[in-house]
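Visitor: what shape does this take:
(one chain, ligands or ions: 2)
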Amino acid sequence: MKIGIYGGTFNPPHLGHLTSARFAMEALGLEKLLFVPAGEPPHKVLPEGSPTAEDRLAMTAIAADGMLLKDAVEVDGTELRRGGKSYTSDTLREFHARFPDDELWLLMGTDMFLTLQNWHEPEVICSLAHLCAFSRTQSDSGELLAVQAKYLRDTFGADVRTIQLPQITPVSSTQLRELLERGEGSGYLSPAVYGYILRRGLYGTHADLKRLTDGQLRACSYSMMKAKRIAHVGGVEEEAVRLARRWGADEELARRAGILHDCTKYYSLEQQLQICEEYGIVLDDLERVSVKLLHSKTGAALARHVFGQPDEVYWAIYYHTTGKADMTLLEKLVYLADYMEPNRDFPGVEELRKLCYEDLDAALLMGLEMSIDDLNERGVPIHRNTQGARDWLLEHRKG
Ligand SMILES: Nc1ncnc2c1ncn2[C@@H]1O[C@H](COP(=O)(O)OP(=O)(O)OP(=O)(O)O)[C@@H](O)[C@H]1O
Ligand SMILES: O=C(O)c1ccc[n+]([C@@H]2O[C@H](COP(=O)([O-])O)[C@@H](O)[C@H]2O)c1
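Guide: Numbers count the residues shown, from 1 in each chain. Ligands and ions are numbered 1, 2, ... in the order given. Below you'll find the predicted structure:
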């Protein structure tokens, strides 16, 4: 197997890292790529006030997950665990021992490639890994790379491949840190990494989480979930806004409920219970053991207490999984948007979509009944609020 190793300080990881990693994977035919955040970079001092190693690791993990290549891309904490200066030769020794039968490829941008002879034990590096270098700026000349490749081949027997990225991302982490401090630069980051930075107040962002723009709120929410869920959350936002327009609800509240509705979906049972405890959410026996039921309550709690959302948004998120008797308009819209947003695909979804724009309560009843049937089939206990929602509609629905 061909394994790529992409070392960096990742302070923070930006789109330049991601686009070059993706392209190198394709160009070299890598089956696996490991991002390896440096513990203590051997050649530079981390600027004062830099995030902790854990934060750099977490941001890099979020960025890697955002490549949506499942287990092919991972973040490796070898250098952070090892302590001391993060010499690449030591890292390659470890990887060589771990993957003795695999082909290791060390990936790097021009700046690193041109100085490789000055690194610690360059001969060890060149004997344990193939090298892949790519240009970082338009002005990086192919000729310069070719000269350096020849030098490394002749001097250390290196196997070098230089690749031209189809698109240059003209940014460095240093520039980005300055931009972030001025409230700019988010366009050079994956939204989820930006959200992590905002939530942790890194790089002098100090955003008031209770007064975020929609884009910032989206970024924060995405930073809390696996990247594969983001398309669904975007779909719920879009659908909730469309439904709000159709039925005369507040579009901005629908948007914010959509953005945040699943923000705690990946929290563990323990974390969910802790949030409920912290915000005094009373649970029944069924809820106490079910992450699926809990995430709507904890998502609502964070929407209110961390992100400053009003009661309407709180309750729309709170009831988005179970529904309840006598729901408000916004609660209905978010429940239905979650059910039939454009990425959903199940028998009957088209009929449900149509009904959502013709007769909201009929659509709600249809959604609830489909849920109840599905839960019954799978032998999952039905929450009393879901039963309550259906019974209420059967009794009160007009027509
Ligand atoms: N915009 C970019 N395009 C392609 N490769 C990049 C880009 N930025 C960084 N790299 C490469 O990523 C690796 C890790 O770089 P690093 O994490 O130090 O980022 P950086 O932007 O160079 O940070 P800093 O400004 O703090 O030096 C290096 O091999 C570097 O050449
Ligand atoms: O081992 C060395 O001597 C050495 C010297 C300079 C850079 N590196 C590695 O090169 C990678 C890119 O560095 P940086 O600072 O651009 O993030 C990172 O993994 C560093 O640990 C390694």
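Visitor: mind listing what the one residue in the stretch 251-399 of the chain that gets nearest to ligand 2 touches?
Guide: Among all residues of the stretch 251-399 of the chain, Tyr266 sits closest to ligand 2, at 28.6 Å; criterion: Cβ to the nearest ligand atom. Yep, even glycine has a C-beta here, placed from its N, CA and C like the rest. With Cβ atoms under 8 Å, 6 or more residues apart in numbering as the criterion, the residues that contact Tyr266 are Met224, Met225, Lys226, Arg229.
Visitor: which ones among those residues are found in strands?
Guide: Among the contacts of Tyr266, no member falls in strands (DSSP state E).
Visitor: now list the buried members of the residues you listed.
Guide: Judged by neighbour count, with 16 or more other Cβ atoms under 10 Å as the criterion, the buried members of these are Met224, Met225.
Visitor: tabulate the contacts of Tyr266 (CSV), appending pLDDT and distance to Glu123.
Guide: Conversion of the contacts of Tyr266 to CSV gives the following (pLDDT from 0 to 100; distance: Cβ to Cβ, whole Å):
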residue, pLDDT, distance to Glu123
Met224, 98, 45
Met225, 98, 44
Lys226, 98, 41
Arg229, 98, 46
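Visitor: export the contacts of Tyr266 to a markdown table and tack on distance to ligand 1?
Guide: Formatted as a markdown table, the contacts of Tyr266 follow (distance: Cβ to the nearest ligand atom, whole Å):
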| residue | distance to ligand 1 |
| --- | --- |
| Met224 | 24 |
| Met225 | 25 |
| Lys226 | 24 |
| Arg229 | 27 |
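Visitor: I'd like the contacts of Tyr266 as TSV, with distance to Trp247 appended.
Guide: Written out in TSV, the entries for these read as follows (distance: Cβ to Cβ, whole Å):
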residue	distance to Trp247
Met224	29
Met225	28
Lys226	31
Arg229	26
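Visitor: helix, strand or coil for the residue of the stretch 251-399 of the chain closest to ligand 2?
Guide: When the structure is reduced to helix, strand and coil (DSSP: H, G, I helix; E, B strand; the rest coil), Tyr266 reads as coil.
Visitor: any idea how far ligand 1 is from Asp338?
Guide: Relative to ligand 1, Asp338 is positioned 37 Å away (criterion: Cβ to the nearest ligand atom, to the nearest Å).
Visitor: how about Leu92?
Guide: With distances taken as Cβ to the nearest ligand atom, Leu92 is found 15 Å from ligand 1.
Visitor: near ligand 2, which residues of the protein?
Guide: Residues of the chain lying close to ligand 2 (Cβ under 6 Å from any ligand atom) are 7-9, 38, 41-44, 86-89, 112, 119-120.
Visitor: could you list which of these also contact ligand 1?
Guide: Here is what survives when these are matched to ligand 1 using Cβ under 6 Å from any ligand atom: Gly8, Thr9, Met112.
Visitor: the last one: helix or strand, and which one exactly?
Guide: Right, the one you point to is Met112. Assessed by DSSP states H and E, Met112 sits inside helix 110-113.
Visitor: send the alpha carbons of that helix over as CSV?
Guide: The C-alpha atoms that make up helix 110-113 are tabulated as CSV, following Å, rounded to 0.1, in the frame of the first residue of the first chain:
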residue,chain,number,x,y,z
THR,A,110,8.3,24.0,-2.0
ASP,A,111,9.5,25.9,1.1
MET,A,112,10.1,22.6,2.9
PHE,A,113,11.5,20.8,-0.1
